[in-house]
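J.: whatever this is, show me its structure:
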Amino acid sequence: MPVRTADLEFTIANGASLSDARQLNGVMGEAITMPAAWTAGGLSFAASATEAGTFLPLFDALGVEITLTVLAGQRIVLPLGLIRSHNWLRLQSGTSAVPANQGAARTLILLTRDFA
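T.: Sure thing, here's the model as predicted:
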């Protein structure tokens with residue numbers, strides 16, 4: 001079975017903490033490439049079944065929001081299964097409770113994998 005990879009770009013606007021929404025179409029997230037500049041803050045996730053639906057923050061089974069510690073210019077390998085089974089996804093600078101607005105537009109790249 002061939003494996004396909006693709007890059008999905010997410011942009012967080014200047015002065016905002018939440019990215020645009022991207023449809024995952026059943027792919028798995030493998031890694032995130034951080035932009036060369038990043039206003040300090042972790043990275044968290046919000047997902048929805050539809051683009052116009054309510055995007056809810058992702059929490060683990062213990063009720064802890066899923067966050068990554070990130071720095072500018074890093075490529076972070078994601079834990080297996082972290083980004084899957086979500087139809088629409090947004091990336092969040094900071095957390096849902098304490099967002100961190102970016103000082104300029106920032107583009108993050110999600111490397112995805114699909115078993116076709």
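
J.: can you name the residues that contact L24?
T.: Contacts for L24 (Cβ atoms under 8 Å, 6 or more residues apart in numbering) come out as 8, 83-84, 86-89, 112. To be clear about C-beta, it is placed using only N, CA and C from the backbone, and glycine gets the same treatment.

J.: cutoff 10 Å now
T.: 8, 47, 83-89, 110, 112, 114 (Cβ atoms under 10 Å, 6 or more residues apart in numbering).

J.: pLDDT wise, what is the residue lying closest to P57 once chain neighbours are set aside at?
T.: Spatial nearest neighbour of P57, excluding adjacent residues (Cβ to Cβ, 6 or more residues apart in numbering): S96 at 3.9 Å. Here, the pLDDT recorded for S96 equals 96.

J.: picking that back up, turn the contacts of L24 into TSV, columns for distance to R22 and pLDDT.
T.: Shown next, in TSV, are the contacts of L24 (distance: Cβ to Cβ, whole Å; pLDDT from 0 to 100):
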residue	distance to R22	pLDDT
L8	5	95
A47	11	94
I83	11	79
R84	14	74
S85	15	71
H86	10	80
N87	10	89
W88	7	95
L89	6	95
L110	8	96
T112	10	91
D114	14	84
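
J.: strands of the protein, start to end?
T.: Listed from the start of the chain, the chain has strands (DSSP state E) covering 3-12, 22-23, 28-33, 43-48, 56-57, 67-68, 75-77, 88-93, 106-115.

J.: can you tell which of those strands is closest to A100?
T.: strand 88-93 (4.5 Å; Cβ to Cβ).

J.: that closest one packs against which elements?
T.: strand 3-12, strand 22-23, strand 43-48, strand 106-115 (3 or more Cβ pairs under 10 Å, 6 or more residues apart in numbering; DSSP states H and E).
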